[in-house]
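**Student:** Provided below are the primary sequence and the corresponding predicted coordinates.
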Amino acid sequence: MSARLDRPVAYIEGIGQSVVKKVDLPKDVDILNLATNESSFGASKAVLDAIREQAEKPHRYPDPLSTELRHAIGQHFDLEADQIVCGNGSEELLDGIGRIYARPGDEILFSEYGFLQFPIVAYRAGATAIKAPSPNLTANVDTLLENVTERTKILFLANPENPTGTYIPASEVRRLRDNLPRRIVLVVDSVYCEYVDDPDFTDGLELVEGHNNVIVIRTFSKAWGLAGLRVGWAYCSASMAAVLNTMRGIGNVNAMAQAGAVAALSDPSHVDKVRRETDQARKKFIKDLSRFGVTMVPGAANFVLVKFPATQTNRKAVDAFRHLVSEGIIVRTNEDYGLDDYLRITIGTIEECDQVIDSLDRFFN
Ligand SMILES: Cc1ncc(COP(=O)(O)O)c(C=O)c1O
């Protein structure tokens, strides 16, 4: 019998169609994508200049060690460059962590509404995905710890989480780290940290010190505005960094992406501006949304999770989704999280948020 090369190994099949969702878009309408939590505020001019310059040299391979970029990150965040590993987006790093530390029979633990990529990482590794309940749509350290078994190899914590946007305070992240057996890798995914402006929040970087089992994941995709370049980074002990380096492609961060990220770090005021403007837009958007009788999950990232009435005919989240798409606005449905009544909407500029409000006005009235 010939091998079925159109069929993956059984555990990969479990991923199903959840990796990329397809949306049927209307023709002849400008499309506003508020489904992927990109920044609507673009990248700084320094980035655009750097990638234009780099565009003259497509015949050169990128630095396989992302040396300049790791040193620039180290300098900006006051970290050791040899404890930093750069990735083709943070998704490459999350995936690699799964492949390095988990095997079939092992468990990968995360909270119920952590981030869709966590179960996908588990599927790809052939490991079992374990979801810890999240009462109040927020990660819960107690339920996470209760779900640790001798098979647990990795615990992923997104802080803030996606799609809820909620986060747990620094004291709770520390409690999680301190109560987790040190044989388990704790991954703190802080890709939305730039948006959180609370003294009781941590991006997790200081939790790495003295711990050979903690990895913090950061990205240039969100507030830095480089989603299309694909640059993420991991911070961990030097010995773990050496291991992470074994799983990534040699030229995983392309030359334009390295140049763009280095330039981004030369202009951190851009991120401050993005944070301020996102915050302003969020406040107005939430106030405007409330007049439709929907409820908002109090999140801190650059998106808002909105609950639509579950019972009203033709006013459910899926109806709102179809209506918005028919007007060229793409937002995200959340049935894959079991949150069928919710839409996740990226906070764009005030004008973009107003466009959503105008469209919902037509939907509700
Ligand atoms: C929680 C979380 N982690 C990681 C990522 C991956 O980001 P990137 O691969 O662009 O760095 C995302 C993207 O939306 C995310 O929401």
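**Tutor:** Perfect, I can see it now.
**Student:** Enumerate the residues of the stretch 1-150 of the chain near the ligand.
**Tutor:** Asn37, Gly89, Ser90, Glu91, Phe115 (C-beta under 6 Å from any ligand atom). Any C-beta I mention is one placed from the backbone N, CA and C, and that applies to glycine too.
**Student:** Contacts only, for the last one.
**Tutor:** Spelled out, that is Phe115. Neighbouring residues of Phe115 by C-beta atoms under 8 Å, 6 or more residues apart in numbering: Phe156, Ala158, Glu161, Asn162, Asp189.
**Student:** try the third one
**Tutor:** For Ser90, the contacting residues are Asp189, Val191, Ile217, Arg218, Thr219, Ser221, Gly232, Trp233, Ala234, by C-beta under 8 Å, 6+ apart.
**Student:** Could you do the fourth one as well?
**Tutor:** By C-beta under 8 Å, 6+ apart, the residues touching Glu91 are Gln117, Gly232.
**Student:** hang on, the earlier thing: now tabulate the contacts of Phe115 in CSV and tack on neighbour count and secondary structure.
**Tutor:** Output for the contacts of Phe115, formatted as CSV (neighbours: other C-beta atoms under 10 Å; DSSP: H, G, I helix; E, B strand; the rest coil):
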residue, neighbour count, secondary structure
Phe156, 27, strand
Ala158, 28, strand
Glu161, 27, coil
Asn162, 23, coil
Asp189, 29, strand
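**Student:** Among the residues you listed, which pair sits farthest apart?
**Tutor:** Phe156 and Asn162 (11.5 Å; C-beta to C-beta).
**Student:** Within reach of the ligand, which of the contacts of Phe115 are there?
**Tutor:** Ala158, Asn162, Asp189.
**Student:** Include distance to Ser44 and pLDDT when you put the residues you listed into TSV, please.
**Tutor:** As requested, the ones next to the ligand among the contacts of Phe115 are exported to TSV (distance: C-beta to C-beta, whole Å; pLDDT from 0 to 100):
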residue	distance to Ser44	pLDDT
Ala158	26	98
Asn162	24	97
Asp189	24	98
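**Student:** If we ignore the residues flanking it in sequence, what's nearest His179?
**Tutor:** Actually, residue 179 is Asn. It isn't His. Leu145 (5.5 Å; C-beta to C-beta, 6 or more residues apart in numbering).
**Student:** quick one: contacts of stretch 147-158?
**Tutor:** Residues from elsewhere that reach stretch 147-158 (C-beta under 8 Å, 6+ apart): 94, 97-98, 101-103, 105-111, 114-115, 118, 121, 127-128, 130, 132, 139, 144, 168, 173, 176, 180-181, 184-189, 191.
**Student:** Now, the residues you listed that are in strands?
**Tutor:** By the criterion of DSSP state E, membership of these in strands covers 107-111, 128, 130, 132, 185-189.
**Student:** Any figure for the gap between the closest residue to Asn140 other than its chain neighbours and Cys193?
**Tutor:** Nearest residue to Asn140, sequence neighbours excluded (C-beta to C-beta, 6+ apart): Ser134, at 5.7 Å. For Ser134, the distance to Cys193 equals 19 Å [C-beta to C-beta, to the nearest Å].
**Student:** do the same with Asn159
**Tutor:** Taking C-beta to C-beta, one finds Asn159 at 8 Å from Cys193.
**Student:** residues near Lys284, how many?
**Tutor:** If you count neighbours by other C-beta atoms under 10 Å, Lys284 ends up with 15.
**Student:** What does the pLDDT read for it?
**Tutor:** Model confidence at Lys284, expressed as pLDDT, equals 97.
**Student:** residues in contact with the helix or strand containing it?
**Tutor:** Take DSSP states H and E as the rule and Lys284 turns out to sit in helix 269-290. Helix 269-290 has contacts (C-beta under 8 Å, 6+ apart) with 39, 41, 43-44, 46, 194-195, 197, 223-225, 264, 296, 302, 304, 306, 345, 347-350, 352-354, 356-357, 360.
**Student:** Tell me the confidence at the spatially closest residue to Val173 that is not a sequence neighbour?
**Tutor:** Setting aside the residues directly before and after it, Val173 is nearest to Thr202 in space (C-beta to C-beta, 6+ apart), at 5.7 Å. Note on Thr202: pLDDT of 98.
**Student:** just the one 3 residues further on next, same as before
**Tutor:** At Leu205, the predicted lDDT confidence score is 98.
**Student:** And for the closest residue to the ligand within the chain, the neighbour number?
**Tutor:** Taking C-beta to the nearest ligand atom, the ligand has its nearest neighbour within the chain at Gly89, 2.8 Å off. Around Gly89 sit 22 other residues, with neighbours defined as other C-beta under 10 Å.
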